[in-house]
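In: sharing a sequence plus its predicted fold:
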Amino acid sequence: MNKLIILASGSGSNAAKIIEYFENQDDTIVSAVLTDNRHAGVLDKCKSLNIPTLYFSAALFRSSGFIDLLNSFGPDLIILAGFLKKIPSEVIAEYPDKIINIHPSLLPKYGGKGMYGAHVHHAVKENNEPESGISIHYVNEHYDQGQIIAQFKVALDSQDNAEQIAKKVQQLEHLHFAPTIATLLKNNE
Ligand code: GAR
């Protein structure tokens, strides 16, 4: 049985899609969703999906206790789904190639510190990009620079505003994130 844990700080729409996807697969379970935000929308979503959640403080995150917490779940993969803090290098060393992130742009474009959520889509709009998309990648010690696992593109219309771009990109996330995780787990078997 593959065990996943998800780290999320925000509304949790991607976390919910992943949970729903793996509910229908008998070889993988989402063990828990961990958050650094007591008010994150993901907490309510997990309640209705019957998935355990756990809040951790910024102090715990920076301590070795965070690795102990992760280890207590024995995860095969750690999924960042809208988790914005940089993962400490000790955690990356403990879980090499086992932490993956989703980013709402075609990396290496529009990545790095401060480039998250709506900031990305506004920058894409400002530069009149003809396309955008998503990147699913391994996490290393640099923001958005780990090896890319998969990317998916969507064409943009010059009329699209940042909100419309965000919607198009979110559709790609909801469609592709969970199946990409499933493929990764299969390839790691
Ligand atoms: C997603 O669009 C994800 O790509 C982005 O945060 C959003 C979370 O949405 N992540 C980043 O920007 C990471 N740099 P959700 O809470 O509804 O899943």
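Out: The structure has been received and is ready for your questions. Just so we're clear, the structure is a prediction, and the values are computed from it rather than from any experiment.
In: who is V154 paired with across the strands?
Out: S132 (DSSP bridges).
In: so what's it up against?
Out: Going by CB atoms under 8 Å, 6 or more residues apart in numbering, V154 touches 131-133, 168-169, 171-172. For glycine as for every other residue, the C-beta is placed from the backbone atoms N, C-alpha and C.
In: dump those residues into TSV; add distance to the ligand as well.
Out: Output for the contacts of V154, formatted as TSV (distance: CB to the nearest ligand atom, whole Å):
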residue	distance to the ligand
E131	16
S132	11
G133	11
K168	11
V169	7
Q171	11
L172	10
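In: widest-spaced pair of those residues?
Out: E131 and Q171 (14.0 Å; CB to CB).
In: show me which of the contacts of V154 are buried.
Out: Neighbour-count burial (16 or more other CB atoms under 10 Å) is assigned, among the contacts of V154, to 132-133, 168-169, 172.
In: need these in a markdown table (columns: distance to E126 and pLDDT).
Out: Shown next, in a markdown table, are the buried ones among the contacts of V154 (distance: CB to CB, whole Å; pLDDT from 0 to 100):
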| residue | distance to E126 | pLDDT |
| --- | --- | --- |
| S132 | 12 | 98 |
| G133 | 17 | 98 |
| K168 | 16 | 98 |
| V169 | 15 | 98 |
| L172 | 21 | 98 |
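In: how about the residues of the chain that lie near the ligand?
Out: Contact residues (CB under 6 Å from any ligand atom) of the chain with the ligand: 8, 10-15, 81-82, 102-104, 116-117, 173.
In: among these, which are in helices?
Out: In helices, judged by DSSP state H, the following of the residues of the chain next to the ligand are found: 13-15, 117, 173.
In: out of those residues, who has the most neighbours?
Out: Of all these, A15 has the most neighbours under the rule other CB atoms under 10 Å, reaching 29 neighbours.
In: what's it in contact with, if anything?
Out: Here A15 is in contact with 6, 8, 33, 42, 45-46, 79, 81-82 (CB under 8 Å, 6+ apart).
In: tell me which two of these sit farthest apart.
Out: Going by CB to CB, the pair spanning the contacts of A15 furthest: K45 and I79, at 14.6 Å.
In: got the phi/psi numbers for L84?
Out: phi -100, psi -10 (degrees, to the nearest 10).
In: likewise L156?
Out: The phi/psi pair for L156 (degrees, to the nearest 10) reads phi -110, psi 150.
In: ok, it touching H121?
Out: No. Assessed by CB atoms under 8 Å, L156 is found out of contact with H121, at 9.9 Å.
In: anything in contact with each of the two?
Out: Going by CB under 8 Å, 6+ apart, residues that sit against L156 and also against H121 are 132, 165.
In: excluding covalently adjacent residues, which one is nearest to the closest residue to the ligand within the chain?
Out: Residue nearest to the ligand within the chain (CB to the nearest ligand atom): G82, separated by 2.6 Å. Computed as CB to CB, 6 or more residues apart in numbering, the closest residue to G82 that is not its neighbour in sequence is G10, at 4.2 Å.
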